[in-house]
Each structure stands twice: as C-alpha cells, then as structure tokens.
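Peer 1: 3D, please:
(2 chains)
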Number of protein chains: 2
Amino acid sequence: MPEKVLIYSKFPKALMVRIGQRFELLDAAGKPPLEVFAKEELSSVRAMITAGGTQLPGSVMDTLPSLRAIICYGTGYDGVDLVAAKERNIAVGNSPGANAASVADLAVTLMLAATRRILPADEFVRNGNWAAGKPSPLLRALSGNPGRRIGVYGMGEIGRKIAGRVAAFETEVGYFSRTRYDLPYRYFESLEALSEWCGVLMIAVRAGAETHRVVDANILQKLGSEGYVVNISRGSVIDEAALIAALQNNTIAGAGLDVFEKEPHPPGALTAFPNVVLTPHIGGHTQDAHAAMQDCVVANLDAFFAGQPLAYPVR
Amino acid sequence: MPEKVLIYSKFPKALMVRIGQRFELLDAAGKPPLEVFAKEELSSVRAMITAGGTQLPGSVMDTLPSLRAIICYGTGYDGVDLVAAKERNIAVGNSPGANAASVADLAVTLMLAATRRILPADEFVRNGNWAAGKPSPLLRALSGNPGRRIGVYGMGEIGRKIAGRVAAFETEVGYFSRTRYDLPYRYFESLEALSEWCGVLMIAVRAGAETHRVVDANILQKLGSEGYVVNISRGSVIDEAALIAALQNNTIAGAGLDVFEKEPHPPGALTAFPNVVLTPHIGGHTQDAHAAMQDCVVANLDAFFAGQPLAYPVR
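Peer 2: Sure, this is the predicted structure:
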C-alpha cells in the first residue's frame, strides 16, 4: 500500500502526476490541511510536499502530529520555519540545483528583454506604428551588452549559471555573496559596492531574514538611471515600494521581475511601466526543471520512507 | 569646404549627426534623389550613404553621373546591384562586423523570449489573470535550454557570436554555411540536414539570390512541431507565406523575427500569433553598434575622398 503524502501548497495537478503514481497524495491545494481533511486522516501523515515560498509555521506542523519530513518542490525553503521543524524533529528536504539552469535562463531572458525593450518593440510592430512610420521614443538606441557590467548577487548554483551565461555576451561580471569563491569574476565586499559598479543587478540570493528588502532605495539609487534590476529569487529581497518609486522617478532604467512579495498579486503600479518585464514566477517552469525537481522529491520521499536520511536535506 | 554626400535611404536624423559634422549631407530620405534635388546639384555628388537592404539599381546610379562610392550603413549590401556598380566603376563599402554583437544579442533575445513565452507571460501578469488564478494554456511547461540543439545558418561574424552566446546556455550548437570552419560546433552539409537536427534555427546568412526564400515549407517541416525559427538576417531568406502556414498549422512551435520581406510592412497574419516575437529591424540598433557603424562610414568616406581605396570594401 502506498505511503500517504500531504500536498500543502497549491500545485498544478500536472506536476504531481509522477509523484502520485508512487504515493497516495492528499491534496490540500493551498488550504489549511484541517479545512480539507479529517483530523484522524491527518494524524497518520508522516510526510508533506510544499513549495518553498509558502509559509509553513510550527502551528501548521502541529496539525500533523506524525509529520517527520517536509519536502520542498524546488530549491527554496524560505517559507518553512526551520527552527520549528527542528524542535519537532521534522527533517526538511529540497531540490538543490534542479531548476538552476531554467531559472538562470529566465534571468538572462529578462535582462535581455528589458535592456532591448522587447515588449515595446513587439507592440510597435503589432499595433501598426512601425508601418505607419510613427516615431517610438521607447525604442531609442540604448547601451548594448559588450562591456556592460553585470552584478550577480548571490553565487549559488543559479548565480553561477547566470554568470556563465551573461559572460558569453562580452560583458564584465562581478558578484557579491557572503563567501568569496575561486571564480573568474570580480568580487565585491558588499551589495552596495556591487550596485555602485554594475549596470544590471541580477538577484540570485537565497531569501531569508538577512536578505529581506536589502535591495532598497539606496541600492537602486546606486544602480543609477542607466541601471536595471532583475529578480528571479524571491520578491521579499526587493523593497517593492522603493522599486516602484525608482521606476516612477527614472532613478533606474528598467527591471525584469519573475517574483513578487505577494504572489500572485504583484503591485498594480508595476504593470504601468513599459520598461519592465513581468513574469508569473516561471523561473523553474520548464519540462526539464520539473522532471529534475520531481526526481529530487521522489528521492527524498523514498529515502524517508525507507528510514534513511533525506537524499537532499536542507542544512 | 566639406565634401557632398547623398543620403539615399530613410535614416533617423540622429544617426547622421556625427557624419553631418564632417560632410555636407543631401538627405533624399528614401525618395528618388531626382525628386528631392536638382539635376545640377546631383551631378557633382561623388559618394552616397545607403542602407544595405534598400534597393539601389543601376537606374538610380545613372541619376548621379559623378558617383564613385556607395557606402552601406551596416553589414548588409543585398539591395545594391553590385554588377551595375562595377560597370559604372563605383566602389561599394560596408561596415563589416560593426553591429555583429548587437545583432547576435537580439537573435538570442528573440530565441529566449519565444521559447520561454515571455510575451504571453508578461500579458498574463499585467491583465490580472495570474492574480485571478485563471489557467493559461500558453504557459504550459516547455523544453528548457540544456541539451537543446541550436542550428546556426551562416557562420560570419554574427553567426559566430550567436553560436558563442547560445553555447553558454548548455545547448548543443550545429551550423551550416558554404564554408566549413575550424570551430567547436558540429558542421552540417546542408540547410536541410541542419534543420532536421536542430530545435531552433537561427538565420544569420547573408541575403542574396542564393538564399532567397531558402527557409521554405520543407525546411520548416523539418524543424518540426517543437521547433523555432529566428531571423535577424533579411526577410527575403524566409518564405513568409510558408512561415505563416507553418505557424497556423502548428508545424513549428514559434518564431522570433526582426526582419521581414517588406519593411516596415510585416504580414498582418504574423501579428495574430502569441507564440511569435516581432521586432522592427532593431538588430543593429544599440548605441555601441551605431557608433561602430558610423566609424566605418566615416572611415570609408575619408578614404574615398582622399583618393584611396575604401577602408571596408565589399568584395
């Protein structure tokens, strides 16, 4: 008989097909488990799957008295209260690096699309203004990539893949992260110094208390009026109100955002800017990335139910 | 006294500011020169600036009896009747490689934007469908880049820069060109074989009689239903009617197009496809590329008026 696994976050059903072939899934679909399932049923649940960005406090863990494994679908685990999990002797696992290429690809896509004004350019063709010979102030010539300074904030798997990709566009690459690595990119001692130097800030840092709204008005000011910010990490890393003000005042030149502080509710003000590219948190949303993340989830659950340590534990 | 130079194509005035500081410009702005200037004035014109894609037949050259130099702004010269120029002892120059990085960057931008559905993704956020929890069939998970086979058609300066950039995305790169080079990419003996192999066809070949509409229904069929075509070369290389049919029938998965057979009049049918990214011939449209192209134009004109061979002659 297959083991029971609770699905805590709201996931498209297609993503759980493979996992459902191996385990009996109780799909709470983003609601508090007790609202969807009987207390008795939940009492025997030993493992759950969650999206790392979904808030999972100790109070929810307490509704699942047998819970011993929280498996994050994806790289992030910022929504999981790790201290509460530890206190309750619950192991936490994730899918490290499984979506790194997919997320890095989207980061570079957002950078290129924003800096080359792809959305206004496509609109200019489709609405007939090109054919009509109307001028388009949005499409004036801007800086190209050769020599552009790209600052990567965070040098985990995703940051490294971003750096390798953007370097191929004849750019200069710098980075800031807590640790300095043996990498062929210029290291900066602080986010402030990196932002002062670079023309595009690529946010690839892990979300958490330390990085909460660290990309603030001061950092955006340092990026400057020719500068761009791209975020594929978590919305919480940017002070969204400061970002909106910076876009309104032309303090920066544009942005590419796949993540927002409250998803799926990005601030309405952002949707007014033609120099911004907005995507609905699709960084890890490719067939390859989903397959790799599902591999990690299955490996974690198999190990757990076999009484072994998780295959990919969060440390 | 500055030398007179005729501007034959319609260029934004901003692009001619630097050149205008050095030469006396007669701007025909895309009209037949005789419609704009007196015959006597044209009779002393010895050099002209044109866009390589603009048709420039011998009959126009004959309205400029002193013409001895045709300088193309940009890499292309497909609109210039080279035989007619040679017969009239007119040298033809261009700006080889000056916009290669800018054009290659746009090619990769179009590929990434089309394969990751950036336009529908941005629209999904802006129109509120993400917030409303509406499903978006356009945003289902698609193939990612790692392992994707990219076929580069044409291996000049632009093709090489495209290849180097896309390789950084963990793709496999193949190419077809008349010449086989010592490059770390797989060589194919024909466009057909390349299209059979690859998932994205990047068109970077020089336009001309040999390449007129060579990307036809057969080639698109070989690309297949998961395949994409990206064109930053000239619209004439693709059979546009066949491309529209292939998009209508899902023979291919999408396209990214910066160039069209009749510019600025892309077929209306193209604007109906959400899986297509359309840009108004902005491949070489960055500050860096314009500066480099203007350098070439000035170097060509300086050499010509000094009685020397062109700095960058078309061979």
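
Peer 1: Near chain B, which residues of the stretch 51-200 of chain A are found?
Peer 2: A:101-102, A:105-106, A:108-110, A:112-113, A:116, A:118-119, A:121-122, A:124-126, A:130-131, A:133, A:139-147, A:164-165, A:167-170 (Cβ under 8 Å from any Cβ of the partner chain). From N, CA and C alone the C-beta is placed, and that goes for glycine too.

Peer 1: mind checking the SS state of the nearest residue to residue A:253 once chain neighbours are set aside?
Peer 2: Spatially, and ignoring its direct neighbours in sequence, residue A:253 is nearest to residue A:226 (5.3 Å; Cβ to Cβ, 6 or more residues apart in numbering or on different chains). Put simply, residue A:226 is coil when judged by DSSP: H, G, I helix; E, B strand; the rest coil.

Peer 1: Please identify the buried residues of the host helix or strand of residue A:19?
Peer 2: Here residue A:19 is covered by helix A:17-20, with elements defined by DSSP states H and E. Judged by neighbour count using 16 or more other Cβ atoms under 10 Å in any protein chain shown, the buried positions of helix A:17-20 are residue A:19.

Peer 1: Give me the residues contacting it.
Peer 2: A:5, A:25, A:49, A:294, A:297-298, A:301 (Cβ atoms under 8 Å, 6 or more residues apart in numbering or on different chains).

Peer 1: Closest one of those to residue B:286?
Peer 2: residue A:294 (40.8 Å; Cβ to Cβ).

Peer 1: For the closest one, list the residues it contacts.
Peer 2: Applying Cβ under 8 Å, 6+ apart, the residues contacting residue A:294 are A:15, A:18-19, A:73.

Peer 1: Looking at these, which two lie furthest apart in space?
Peer 2: Longest span within the contacts of residue A:294, Cβ to Cβ: A:18 and A:73, 11.7 Å.

Peer 1: Quick check: next helix or strand after the helix holding residue A:19?
Peer 2: Sequence order places strand A:24-27 as the next helix or strand after helix A:17-20, per DSSP H and E.

Peer 1: how about the helix or strand following that next one: buried residues?
Peer 2: Once strand A:24-27 ends, the next helix or strand along the chain (criterion: DSSP H and E) is helix A:33-36. For helix A:33-36, a neighbour-count test (16+ other Cβ under 10 Å) marks residue A:33 as buried.

Peer 1: Mind giving me the packing neighbours of helix A:33-36?
Peer 2: Applying 3 or more Cβ pairs under 8 Å, 6 or more residues apart in numbering or on different chains; DSSP states H and E, one finds that helix A:33-36 makes contact with strand A:24-27.

Peer 1: Make sure residue A:118 is actually in contact with residue B:112.
Peer 2: No. Under the criterion of Cβ atoms under 8 Å, residue A:118 makes no contact with residue B:112, lying 9.5 Å away.

Peer 1: OK, contacts around the nearest residue to residue A:234 once chain neighbours are set aside?
Peer 2: Counting by Cβ to Cβ, 6+ apart, residue A:234 lies nearest to residue A:207, which is 3.5 Å off, once chain neighbours are set aside. With contact set as Cβ under 8 Å, 6+ apart, residue A:207 has these partners: A:53, A:76, A:78, A:233-234, A:236-237.

Peer 1: top of the residues you listed by neighbour count?
Peer 2: Within those, most neighbours by other Cβ atoms under 10 Å in any protein chain shown means residue A:233, with 29 neighbours.

Peer 1: and the gap between that one and residue A:302?
Peer 2: Separation of residue A:233 from residue A:302 (Cβ to Cβ, to the nearest Å): 29 Å.

Peer 1: same deal with residue A:141?
Peer 2: For residue A:141 relative to residue A:302 (Cβ to Cβ), the value is 55 Å.

Peer 1: Compare the two (neighbour count), which wins?
Peer 2: When residue A:141 and residue A:302 are compared for neighbours, residue A:141 comes out ahead with 18 against 15, by other Cβ under 10 Å.

Peer 1: Would you mind confirming that the more buried one makes contact with residue B:283?
Peer 2: No. With contact defined as Cβ under 8 Å, residue A:141 does not reach residue B:283; the gap is 11.9 Å.

Peer 1: what separates the residue nearest in space to the middle of chain A from residue A:75, distance-wise?
Peer 2: The structure's chain A has its C-alpha centroid closest to residue A:233; by Cα atoms, centre = their mean the separation is 3.3 Å. Here residue A:233 is placed at a distance of 10 Å from residue A:75 (Cβ to Cβ).

Peer 1: With residue A:94 instead?
Peer 2: Distance from residue A:94 to residue A:75, counting by Cβ to Cβ: 6 Å.

Peer 1: which neighbours do these two share?
Peer 2: In contact with both residue A:94 and residue A:75: residue A:52, using Cβ under 8 Å, 6+ apart.

Peer 1: how much space between residue A:179 and residue B:69?
Peer 2: Distance, residue A:179 to residue B:69, using Cβ to Cβ: 58 Å.

Peer 1: Settle it for me: which of those two has more neighbours?
Peer 2: residue B:69 (22 against 7).

Peer 1: Near residue A:306, how many residues? Count them for me, please.
Peer 2: 8.

Peer 1: can you check the one 4 residues further on too?
Peer 2: One way to gauge burial is a neighbour count; for residue A:310, by other Cβ under 10 Å, it gives 20.

Peer 1: repeat for residue A:156
Peer 2: Residue A:156, neighbours per other Cβ under 10 Å, totals 17.

Peer 1: Please apply the same query to residue A:289.
Peer 2: 26.

Peer 1: Tell me the buried residues in the helix or strand harbouring it?
Peer 2: Per DSSP H and E, residue A:289 falls inside helix A:287-305. By 16+ other Cβ under 10 Å, the buried positions in helix A:287-305 come out as A:288-290, A:292-294, A:296-301, A:303-305.

Peer 1: pLDDT weak spots in chain A?
Peer 2: Along chain A, no part satisfies pLDDT under 70.

Peer 1: backbone phi and psi for the closest residue to residue A:295 other than its chain neighbours, please?
Peer 2: By the measure of Cβ to Cβ, 6+ apart, the closest residue to residue A:295 outside its immediate chain neighbours is residue A:98, 7.1 Å from it. Note on residue A:98: its backbone torsions stand at phi -60, psi -30 [degrees, to the nearest 10].

Peer 1: Contacts only, for residue A:98.
Peer 2: Residue A:98 neighbours (Cβ under 8 Å, 6+ apart): A:74-75, A:284, A:289, A:292-293, A:295-296.

Peer 1: where do the helices sit along the stretch 101-250 of chain A?
Peer 2: A:118-126, A:157-167, A:191-197, A:217-223, A:240-248 (DSSP state H, counting those that start in this stretch).
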